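Engineer: Everything below, folded, please.
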Amino acid sequence: MALLLMWAFWTAGDPPQVRPDEPMDRPPSCTRQDQAPGPVVELEEVLVRGRRGAARLAPEIELDAATIDSLGAYDVGEALERIRQTLGLQGAPVILVNGRQVVSAANFMGFPPDALMRVEVLPQEAAAVYGEASGRPVLNIVLQQEFQSRDGLVRGSLPTAGGTSSLALDARQAEIHGDDTRQFGVQAARDTALYADERPLWLKDRPGSEGSTLSPASEAVGANLSLTARLGDWSAAFNTQAQRQVSRFSAVVDDLRIETRQVQDSVIANGGLTGEAAGWSVRLALDGGLTTLGQDGGGRVRSRGSFIGSDMGADRTVAELPAGPMRLAVSGRARYAWADGEGEGEESGRSNRLLEGRATLNAPLFRAERPGTPWRGGALSLSIGGVLSRQGGEDGGGGVNVSLSWAPLRIFRLHGQWAGSTDGPPAEAVIASPFQGPPRLVFDVARGESVMVTPLLGGNPDLGPQRADRRTVSASLGPLTSWAVHAQASWSRARITDPFGVTPELTPAVEAAFPDRFFRGTDGRLTGIDLRLLNLAAITSESLSAGVNFTIPPGAGGTALFQVGLNYTRQLRSETALRPGLPAIDQLAGDGGGMSRQQVSALLNGRVGPWSMNLTARWREGARTRKMVGVDGPDDLRREAFTVVDLKLGRLFAPPTAEGDGERRDPGLRLELGIDNLFDARPRATLGDGRPAPGYGRDDIDPVGRMVRVSLSRRF
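Structural biologist: Sure thing, here's the model as predicted:
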């Protein structure tokens, strides 16, 4: 990182060349551009070219069509997730479409990737510019102006150890005509159960568990429809999704096999308008949904949940400062959710209301001068935001955030942020009816054994708000050289009081703090855990992260293209106070459940002619879970370092195209071979004195292991 900074300052005197059709304040594209320029406007013999889909800020990173195609994704949603992983972006991104905020980005996630012309990753201050929470990553997707597609997919999966299988079917149709779009799709999937009988090593350590499922069986069918249309100066959008999922699993309790069947149905819809009114860019949206859950076998449950809500947002320039426009963004949100149900002879009914208002002011303090001028102080901008909320009839929610962004060079940016807030819990986590989940394996540190338990899931009506104080400092550098090298590093610290969380890993200290969350039989053996959200006392965390990504472009006349991403995270501090009055425990040292200090990921996306390859490798450092707080002992659990590698290879069989064809990139049949957990790695652990740890045999934590997937997809 230091060498890259030295190189950047050394070469800062020679500004990068800017194409004639590109705005002077836009950095050179990080990858080659194969899109046509925007519409041409002639004004008194002055020719102005506008770039279609450009956002308010120039991007830090830009991916062109060739790079997007190398991701090996089936739809836009999958492509954006692969981009997020490759670039090491933290948190859920804000999605812009053609440089504008939309009613719902979900309207565009089902389109095929070749509907995209390019994807722009905006600098960190962009979230505040668009009125979103400061620091969130912002991605701008630019769609084709005219596009039609039909896509089909068949995917089968089977672990090399056998015992279970998966089959998925998908069919989609999409159209784009300027601002009018339409996308429709249907999906079906089936997973067979994996039984303990199919893993001899499992049965050897747990006699009597014949017939219990290590992985549940499930069937799912779904459909989605999204529409957008231009209505004069306004745009309308509508999206709806429906799904039914049936799951079946079994457990052996006291030598009795219990079969459980769950059926979950859901329908969600949203729609709204975007446009200009009195100088404001306005967004209005309504959404609603209905879910039902029925469970038979391991306790009878019938529950129904619904929600309805509205979102409103507007932003405009409120002043023209010497450094640029000052923008004000305001938004409001209202939600009402309710649920009722019955289970174990009891009936319940709960509701939750949320009202929220947010305002953000973004002001450029200094402007980066044009190349060739003497002043090179860079660009400096300030963002101040506030939010007020009321949830469940309680006042006092809200927060304040301040961020400062400085770009002393066009290729180097610094960003600092502080945010303090009081946040209410998610409505579903409060009002949902309790139900039993599929059995899972848990290591009981106190007894030194691993057991299959039945988790209790659903909502917790006693869940209260949390108060958070978050600080972040980050830096980014690039793009550098013809490989578009881009590097970033960040430090973050958070102190959260009454945080939402689940019961930490089972240790004597955790069970003493939450005795009502663990269920044991008369013999003292663990039988169940309550995994519904609860309020812990406090969490303090601190971490460092860094990453570098670059693209190896094709040589002269070549077709090979490779994109590489390397990301590293180190936890500096992770302390949790379980209950008020109890001292904080150090999870990095192994108290209250061990946590890995370091994690590394490496991703490679490549394409050579009709061949494609996507490789992901993830490594995490080992960790210790102490039996006694503050003391390493012989009965502690010591997890070893763990590495998993996923690989996907693809081959395109493109049909011959007639002159004038080519509405789609890479039409034809695509065959893909994917291998999850390429080297069949399994989590391993020992006890503190080196003895084998119960529950960490080959098939215990991960009974599925290496999974082979074969996919056939067709672009029409």
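Engineer: Just the buried residues of stretch 577-591, please?
Structural biologist: Buried residues in stretch 577-591, counted by 16 or more other Cβ atoms under 10 Å: 577, 578, 584, 585, 586, 587, 588, 589, 590, 591. From N, CA and C alone the C-beta is placed, and that goes for glycine too.
Engineer: longest helix in the chain, by residue count?
Structural biologist: What stands out as the longest helix in the chain, according to DSSP state H, is helix 76-87.
Engineer: Counting by contacts, list what it packs against.
Structural biologist: Contact analysis of helix 76-87 by 3 or more Cβ pairs under 8 Å, 6 or more residues apart in numbering; DSSP states H and E lists helix 106-109, strand 116-121, strand 138-143, strand 538-552, strand 561-577, strand 598-608 as its packing neighbours.
Engineer: who touches it?
Structural biologist: Here helix 76-87 makes contact (Cβ atoms under 8 Å, 6 or more residues apart in numbering) with 61, 63, 68, 71-73, 89, 93, 95, 108-113, 115-116, 119, 121, 137, 139, 141, 486, 547, 549, 563, 565, 601, 603, 605, 614, 616.
Engineer: What are the buried residues along that helix?
Structural biologist: Neighbour-count burial for helix 76-87 flags 76, 77, 79, 80, 82, 83, 84, 86, 87 (criterion: 16+ other Cβ under 10 Å).
Engineer: With distance to residue 313 and pLDDT as extra columns, can I get those in JSON lines?
Structural biologist: Below are these laid out as JSON lines (distance: Cβ to Cβ, whole Å; pLDDT from 0 to 100):
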{"residue": "76", "distance to residue 313": "23", "pLDDT": "95"}
{"residue": "77", "distance to residue 313": "22", "pLDDT": "94"}
{"residue": "79", "distance to residue 313": "26", "pLDDT": "94"}
{"residue": "80", "distance to residue 313": "21", "pLDDT": "95"}
{"residue": "82", "distance to residue 313": "29", "pLDDT": "94"}
{"residue": "83", "distance to residue 313": "25", "pLDDT": "94"}
{"residue": "84", "distance to residue 313": "23", "pLDDT": "93"}
{"residue": "86", "distance to residue 313": "30", "pLDDT": "93"}
{"residue": "87", "distance to residue 313": "27", "pLDDT": "92"}
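Engineer: Save these as TSV, and put in distance to residue 186 too.
Structural biologist: Compiled in TSV, the buried residues of helix 76-87 are given as follows (distance: Cβ to Cβ, whole Å):
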residue	distance to residue 186
76	18
77	16
79	21
80	22
82	24
83	26
84	27
86	30
87	32
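Engineer: export the longest helix of the chain as CSV, just CAs?
Structural biologist: Extracted in CSV, the C-alpha atoms of helix 76-87 (Å, rounded to 0.1, in the frame of the first residue of the first chain):
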residue,chain,number,x,y,z
VAL,A,76,-27.9,-9.3,-12.6
GLY,A,77,-28.3,-10.1,-8.9
GLU,A,78,-25.8,-12.8,-9.0
ALA,A,79,-23.4,-10.6,-11.0
LEU,A,80,-23.6,-7.8,-8.5
GLU,A,81,-22.9,-10.2,-5.6
ARG,A,82,-19.9,-11.5,-7.4
ILE,A,83,-18.6,-7.9,-7.9
ARG,A,84,-19.2,-7.1,-4.2
GLN,A,85,-17.2,-10.2,-3.1
THR,A,86,-14.4,-9.5,-5.6
LEU,A,87,-14.0,-5.9,-4.6
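Engineer: That helix versus strand 538-552: what angle between them?
Structural biologist: With axes from the mean of the first three to the mean of the last three Cα atoms, to 10 degrees applied, the angle from helix 76-87 to strand 538-552 works out at 100 degrees.
Engineer: And stretch 517-532, end to end?
Structural biologist: 9 Å (Cα to Cα, to the nearest Å).
Engineer: in it, what counts as buried?
Structural biologist: Using 16+ other Cβ under 10 Å as the test for burial, stretch 517-532 gives 517, 518, 520, 526, 527, 528, 529, 530, 531, 532.
Engineer: OK, contacts around the third one?
Structural biologist: In this case it means residue 520. Shown in contact with residue 520 (Cβ under 8 Å, 6+ apart): 526, 527.
Engineer: give me that answer again for 10 Å
Structural biologist: 444, 447, 451, 453, 511, 526, 527, 528 (Cβ atoms under 10 Å, 6 or more residues apart in numbering).
Engineer: Then the fifth one?
Structural biologist: Neighbouring residues of residue 527 by Cβ under 10 Å, 6+ apart: 251, 253, 254, 451, 452, 453, 454, 518, 519, 520, 521.
Engineer: Kindly report the same for the first one.
Structural biologist: Listed by Cβ under 10 Å, 6+ apart, the contact set of residue 517 reads 456, 502-504, 506, 510-511, 528-532, 534.
Engineer: Now those residues in JSON lines, please, with extra columns for pLDDT, secondary structure and distance to residue 237.
Structural biologist: Converted to JSON lines, the contacts of residue 517 look like this (pLDDT from 0 to 100; DSSP: H, G, I helix; E, B strand; the rest coil; distance: Cβ to Cβ, whole Å):
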{"residue": "456", "pLDDT": "89", "secondary structure": "strand", "distance to residue 237": "39"}
{"residue": "502", "pLDDT": "87", "secondary structure": "coil", "distance to residue 237": "35"}
{"residue": "503", "pLDDT": "86", "secondary structure": "coil", "distance to residue 237": "41"}
{"residue": "504", "pLDDT": "85", "secondary structure": "coil", "distance to residue 237": "42"}
{"residue": "506", "pLDDT": "86", "secondary structure": "coil", "distance to residue 237": "46"}
{"residue": "510", "pLDDT": "90", "secondary structure": "helix", "distance to residue 237": "46"}
{"residue": "511", "pLDDT": "89", "secondary structure": "helix", "distance to residue 237": "50"}
{"residue": "528", "pLDDT": "88", "secondary structure": "strand", "distance to residue 237": "44"}
{"residue": "529", "pLDDT": "92", "secondary structure": "strand", "distance to residue 237": "42"}
{"residue": "530", "pLDDT": "92", "secondary structure": "strand", "distance to residue 237": "40"}
{"residue": "531", "pLDDT": "92", "secondary structure": "coil", "distance to residue 237": "36"}
{"residue": "532", "pLDDT": "92", "secondary structure": "coil", "distance to residue 237": "35"}
{"residue": "534", "pLDDT": "93", "secondary structure": "strand", "distance to residue 237": "37"}
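Engineer: what's the closest non-adjacent residue to the most centrally placed residue in the chain?
Structural biologist: Per Cα atoms, centre = their mean, the C-alpha nearest to the average position across the chain is that of residue 92, at 5.1 Å. Counting by Cβ to Cβ, 6 or more residues apart in numbering, residue 136 is the residue found nearest to residue 92 once chain neighbours are left out, at 7.1 Å.
Engineer: One more: residue 183?
Structural biologist: Closest residue to residue 183 apart from its sequence neighbours, by Cβ to Cβ, 6+ apart: residue 174 at 4.3 Å.
Engineer: That neighbour: how many residues sit nearby?
Structural biologist: Per other Cβ atoms under 10 Å, the neighbour tally for residue 174 reads 22.
Engineer: next one: residue 210
Structural biologist: Residues within reach of residue 210, counting by other Cβ under 10 Å, total 12.
Engineer: List the residues that contact it.
Structural biologist: Contacts of residue 210 (Cβ under 10 Å, 6+ apart): 195, 196, 197, 203, 252, 257.
Engineer: Return the distance of it relative to residue 216.
Structural biologist: 17 Å (Cβ to Cβ, to the nearest Å).
Engineer: same question, residue 258
Structural biologist: In terms of Cβ to Cβ, residue 258 sits 13 Å off from residue 216.
Engineer: tell me, what's touching these two both at once?
Structural biologist: Counting by Cβ under 10 Å, 6+ apart, the common neighbours of residue 258 and residue 216 are 249, 250, 439.
Engineer: Show the contacting residues for the last one.
Structural biologist: Spelled out, that is residue 439. Residue 439 makes contact with 209, 212-214, 216, 249-253, 258, 260, 298, 451-455, 528 under the criterion Cβ under 10 Å, 6+ apart.
Engineer: Nothing else from me, thank you.
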